Every structure is written in structure tokens, then in C-alpha cells.
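Enquirer: What follows is a predicted structure for the sequence shown.
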Amino acid sequence: MTDVVLIFPYFDDGRSKIFKFPPLGIGYIASYLRENGYSVKIIDCTFMSWEEAVHEARAAKPRVVGIYSMLSMVRTALRFGAELRDDCELLVAGGPMPSAYPQKFLGVFDVVVQGEGEETMLEIMKALDGEMRMEDVKGIHIAGRALETLPIARIANGGGPIFTGRRPLIKNLDKLPFPARDLYNNKAYKEYYRRNYGYTITSMIASRGCPFSCDFCWRPDYGRVYRVRSPENIVDEMEEIVYGFGYERIWFADELFIANKRHVLRICEEIKRRGLKTLWECLARVDLMDWEVARAMREAGCHKIIFGLESGDDRVLKLMNKRITVNQSRKAVEMAVKAGIKVGAFFILGYPGETNETMLNTIRFASSLPLDYFSMTVPYPLPGTGLYEKVKDRMISEEWEKPMHGYDHRLLFKHDFTIEKLRYGMWMAKTRARLRKRLGPLYHILKPWELYTEHKFRRMQ
Ligand code: B12
């Protein structure tokens with residue numbers, strides 16, 4: 001018998017060599033529950049088949065099954081819910097999608113959690129054990145079998161799902177135990193990375209939230225508040241990952257690793273003070289990068305920074321509400337490279353409002369920077385974002401479960417440009433970058449080819 005089985009319903013199709021990471025949110029909930037005396041099992045489906053995952057879940061004989069869901073996993077989460085409903089006392093949904101769209105899950109799940117899950121899950125368990133009342137657990141929608149735990153008077157009151165009100169954010173992130181990494185399939189992740197990259201890497205998160213509001217980013221209200229962990233607490237976890245679990249590198253999954261210069265400098269200082277020699281990578285904004293930060297990060301082991309550069313055109317950056325300029329982007333990339341850090345970047349091609357010339361600016365910009373690599377995608381309108389609002393009347397598909405790799409990009413809304421044109425633009429940027437790297441100063445002989453491809457791009461629909 002297991003008190004709680006937590007499921008990460010992502011099945012990797014094995015086609016791409018993208019970064020794969022164990023689910024941190026579920027790991028946090030697991031360690032918090034364990035610290036409070038409950039037994040927990042994590043089923044991370046990344047390297048499993050559906051049958052194996054269902055079998056493992058049943059074999060654990062769970063009292064409660066908790067299932068994570070983000071946009072690309074809604075259908076699988078609901079399928080798991082329906083499959084395992086009769087195998088447990090209570091079925092709980094949590095994560096970005098249940099938090100934003102609880103009604104999607106209420107038909108299948110007994111409890112839908114909004115926001116952070118650590119304290120909420122613990123209180124749900126206490127309520128199940130009769131130590132508190134379910135209706136006093138903040139941040140949940142009570143439905144299905146959970147309604148039976150309520151006094152008759154509340155159920156009689158319409159009989160539908162009941163929301164218990166928002167739960168305040170966890171103020172002190174340092175008090176949370178580290179994610180229960182011993183419950184992840186570290187062996188499979190390490191093998192995957194060693195095979196495809198030649199080293200092992202896993203993720204951790206040093207902060208929660210992001211104070212910016214880019215037009216395309218999905219940001220629930222509670223995600224706007226930026227909270228950091230103390231440098232000591234962060235480096236303790238880094239040491240656990242490296243010395244305790246034997247990973248060679250760390251990827252910070254923070255939406256924004258550098259939001260506060262002083263804080264980043266203190267983290268770097270702490271890493272150096274302890275003599276921790278691991279390599280790490282993170283996401284950052286170009287406007288928060290300066291020479292002092294870049295140098296301190298390099299000295300502390302940061303070997304790669306990924307910037308969301310998004311566009312090579314200032315007008316489009318404004319449309320995206322990115323609050324950076326092309327000039328800032330170029331300077332930040334060059335500064336990081338000068339400090340000895342590899343730089344990766346994300347770009348979006350074909351944002352609503354773009355023209356041939358703005359897209360060509362992005363293609364030229366991306367291929368002219370000293371980047372280690374970059375990804376260029378079409379805009380994906382996540383429900384609940386400004387971008388979605390702009391195109392919601394033109395949506396042709398809301399199919400999020402199908403993965404998008406390389407040039408497999410799909411347009412989910414009716415665009416002024418065809419997907420073929422956008423793919424051609426991505427191909428131009430990638431090919432230019434590759435040839436520039438290979439040919440060095442000789443690249444200029446390809447000017448006629450550049451002009452030809454630009455002409456072709458302009459003429460495409
Ligand atoms: C790391 C990451 C990835 C990684 C790996 C995912 C992984 N293994 O976790 C990679 C790079 C593969 C990835 C890919 C994608 N991602 Co992503 N990713 C993230 C990121 C940056 C961090 C996730 C994380 O670790 N968070 C930290 C933990 C502590 O937070 P948490 O997961 O939310 O968990 C807390 C609560 O949600 C809750 N909770 C979580 N699970 C459960 C379960 C239960 C039962 C309960 C009760 C509570 C609960 O409690 C947790 C602790 O407080 C988030 C942004 C974010 N801040 O969450 C985006 C994010 C989850 N990704 C997002 C998206 C859209 C994608 C992609 C679809 C992008 C794309 N177009 O390709 C792909 C799809 C991947 C796929 N194959 O299905 C969106 C989801 C939006 C949405 N509405 O669902 C987010 C929110 C980013 C954003 N702001 O737009 N992603």
C-alpha cells in the first residue's frame with residue numbers, strides 16, 4: 001500500500017534528442033509528503049509504455065493518485081484519471097493546466113489543485129485521514145468523491161464543485177525539502193544523456209515565478225511574483241545533485257535565473273567558496289546581463305546561457321512585449337561569449353504583425369551572432385496568453401499533444417504566411433549560421449546566394 005502515487009504523464013516518442021528532465025514539481029510534492037510521514041511513489045512515464053505505467057501505478061496500491069498536467073499532457077492526464085479512478089480513494093490533478101483550467105479536470109478528478117502543491121497535497125492527506133476538514137484546505141476544487149467528505153449542508157448547496165479559495169504562495173522557499181530525486185529514474189536519464197550528449201545532466205530550480213509579461217508566455221497570476229531561494233540553499237542542492245546523485249552538469253529550469261544582479265553574484269560567490277566544480281546552464285534576459293555578472297557566472301562554472309532573443313526587429317520585440325532591444329541582445333551575447341560562456345538563443349519567426357522585412361531582420365540577426373546554437377520556431381499561441389488573444393478567432397487546431405521537432409513545426413492558427421514560407425525562413429537562418437561558422441571570413445562570397453534566398457523568401461506566400 002502506498003499513500004500517494006504521483007504521475008508525470010509524458011511519454012517520450014524517442015524521435016528527438018531534446019533535453020528531457022524529471023518532473024521537479026512532483027519531486028517537491030513527494031519530498032514534502034515524505035517529510036511528513038506519507039509513503040510516495042513517482043511514476044515518470046518519460047521512458048515507459050502506457051501499459052507499464054498503469055501496471056506500476058496499480059501495483060503500488062495507492063490511496064491517492066495525483067496527476068500532473070501541462071498543455072501538452074491534458075488528454076493523457078485525463079486518460080490516466082479515468083483508468084485509475086477505481087484503484088484509489090481519491091484522484092487529484094495539479095500543475096499548470098489544472099491551475100489555469102480546473103473545469104477541464106473536474107469531470108474525472110475528485111480534487112483539482114490550483115497553484116503550488118506541496119502544502120496543499122499534505123493538507124488533502126490530512127483531510128482524508130480526518131485530521132482537518134477538506135473544505136478548509138485552501139487552493140482546491142472539491143468534486144466527485146471528495147464531495148462526500150463535506151458536511152451534507154455544503155453538498156446540498158447545489159451539489160457542484162466547491163472552490164475553497166486561493167492559497168497564499170509559499171513565502172520561504174528555503175523551508176521546502178529538495179525534490180525527492182531518489183524516486184526519479186536517474187539511471188534512464190543518465191543513460192539517455194550519456195548516449196546522446198556524452199555527459200549527464202539534470203535540472204533544478206533556484207527561484208519561482210517571473211516578473212515580466214512577454215506576450216507569448218503563459219503566466220498565471222501567481223506566477224508573476226518572483227521568489228528566490230538563498231544562495232546557501234541553492235548550492236546545497238547543487239552539491240546533492242553532484243556528490244549525492246552523481247550528475248556531471250546542472251540545468252537551471254528557472255524561467256528567469258537572473259532577475260536580480262546581487263542575488264546571482266551571491267550564488268556565484270557561494271559556489272566558488274565551496275569549490276564546487278560542476279558545469280551549469282541557465283536561461284537569462286539580455287537586459288540583466290553585464291560584464292560583472294557574465295564573468296562571475298563563468299568563474300562559478302556556468303558554461304552556457306540561453307537568451308530569449310525572440311526577434312531581430314525592435315518593432316516586433318515591442319509587439320511581443322519583450323522589453324528588450326536588438327542592440328541589447330547583440331551586446332549581451334557578445335559579452336557572454338567574451339567571458340567564455342557558450343550562448344544559445346530562442347527566436348520566433350512569423351509573429352502576428354510581422355512583415356517580410358521584419359522576418360528577414362530576424363533571419364539575418366540570428367545567423368550573424370556568435371551563438372553556439374539557436375532554436376527558431378513559429379509562434380505557438382498558449383491559451384491564456386496575449387498572443388492567443390490576438391489569434392483566437394483564427395485558431396485551426398488546438399492539438400498540443402503532438403510534439404514539434406526541428407522543421408516539423410505546425411501553424412495552429414490561420415496566418416498571413418504559409419508554414420512552408422516560415423520553414424524556409426528557419427532553414428535560411430540555420431544554413432547561414434552553419435556556413436558562416438564553417439567558412440569564417442570567406443563567408444562573404446555567398447552574398448549572391450543570400451540575396452537570391454531573400455528574394456525567394458519575399459516572393460513566397
Ligand atoms: C522545465 C520545463 C520544461 C522541460 C521539461 C518538463 C519537465 N520535465 O518538467 C521541457 C524543456 C522539456 C519543456 C517542454 C515544454 N514545455 Co515546459 N516548462 C518547463 C518549466 C520552465 C519548468 C517546470 C518546472 O520544473 N517547474 C518547477 C515546479 C516546482 O513547478 P511546477 O511544475 O509548476 O509544479 C508545482 C505546481 O504546478 C504543482 N503541481 C505540479 N504537479 C502537480 C501534481 C499534483 C498532483 C498536484 C496536486 C500539484 C502539482 O505543485 C508543484 C510544486 O509547487 C515550466 C515553467 C514553470 N515555471 O513551471 C515550463 C512550462 C511548464 N512549459 C510549458 C510548455 C508550453 C512547454 C511545451 C509545450 C513548449 C513547446 N511549445 O514545445 C513543451 C512540451 C513538452 C512535452 N514534451 O510535452 C508551459 C505550460 C503552459 C501550460 N498552460 O500548460 C510552461 C508553464 C512555460 C510557460 N510559462 O509557458 N518544459
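Expert: Everything's here; your move.

Enquirer: the strands in the stretch 251-400 of the chain, which residues?
Expert: 279-284, 302-310, 342-348, 373-377 (DSSP state E, counting those that start in this stretch).

Enquirer: Could you tell me what pLDDT the model assigned to residue 231?
Expert: In this prediction, residue 231 carries a pLDDT score of 97.

Enquirer: Could you give the number of residues near residue 159?
Expert: 9 (other C-beta atoms under 10 Å). Where C-beta positions appear, they are placed from N, C-alpha and C, glycine not excepted.

Enquirer: and it, how far is that from residue 181?
Expert: 42 Å (C-beta to C-beta, to the nearest Å).

Enquirer: And for residue 184, nearest residue in space, chain neighbours not counted?
Expert: residue 22 (4.0 Å; C-beta to C-beta, 6 or more residues apart in numbering).

Enquirer: ok so, going back, most neighbours per residue, which of the strands of the stretch 251-400 of the chain?
Expert: strand 302-310 (a mean of 23; mean count of other C-beta atoms under 10 Å).

Enquirer: on that earlier part again, in this structure the residue nearest to residue 184 contacts residue 185, no?
Expert: Yes: contact criterion C-beta atoms under 8 Å: residue 22 and residue 185 qualify, at 7.4 Å.

Enquirer: Now do the shared contacts for these two.
Expert: 44, 46 (C-beta atoms under 8 Å, 6 or more residues apart in numbering).

Enquirer: ok, those two, which is more surrounded?
Expert: residue 22 (21 against 16).

Enquirer: Could you look up the SS state of that one?
Expert: coil (DSSP: H, G, I helix; E, B strand; the rest coil).

Enquirer: For the ligand, see how far away it is.
Expert: 6 Å (C-beta to the nearest ligand atom, to the nearest Å).

Enquirer: do the same with residue 115
Expert: Distance from residue 115 to the ligand, by C-beta to the nearest ligand atom: 7 Å.

Enquirer: ok, now residue 168?
Expert: The value you get for residue 168 to the ligand, if C-beta to the nearest ligand atom is used, is 13 Å.

Enquirer: Equivalent analysis for residue 104, please.
Expert: Residue 104 is 11 Å from the ligand, by C-beta to the nearest ligand atom.

Enquirer: in what helix or strand does that residue lie?
Expert: Following DSSP states H and E, one finds residue 104 within helix 103-106.

Enquirer: next one: whichever helix or strand comes after that helix to chain centre, how far?
Expert: The helix or strand immediately downstream of helix 103-106 is strand 111-113, counting by DSSP H and E. In this view, strand 111-113 has its centroid 21 Å away from the chain centroid, taken as C-alpha atoms, centre = their mean, to the nearest Å.

Enquirer: Closest residue of the stretch 151-300 of the chain to the ligand?
Expert: Closest to the ligand within the stretch 151-300 of the chain is residue 218: 3.6 Å, counting by C-beta to the nearest ligand atom.

Enquirer: Quick check on the residue nearest to that residue when sequence neighbours are not counted: phi, psi?
Expert: If the residues on either side of it in the chain are set aside, residue 218 comes closest to residue 382, at 4.3 Å by C-beta to C-beta, 6+ apart. When read as degrees, to the nearest 10, the backbone of residue 382 gives phi -70, psi 130.

Enquirer: how close does residue 382 get to residue 97?
Expert: Residue 382 is 10 Å from residue 97, by C-beta to C-beta.

Enquirer: Distance-wise, check the nearest residue to residue 229 once chain neighbours are set aside relative to residue 124.
Expert: Among residues not flanking residue 229 along the chain, residue 173 sits closest, at 4.6 Å (C-beta to C-beta, 6+ apart). Per C-beta to C-beta, residue 173 is found 21 Å from residue 124.

Enquirer: ok, these two, which is more surrounded?
Expert: Each of residue 173 and residue 124 has its neighbours counted (other C-beta under 10 Å); residue 124 has more, 29 against 19.

Enquirer: where's that one, which helix or strand?
Expert: Using DSSP H and E, residue 124 falls in helix 118-128.
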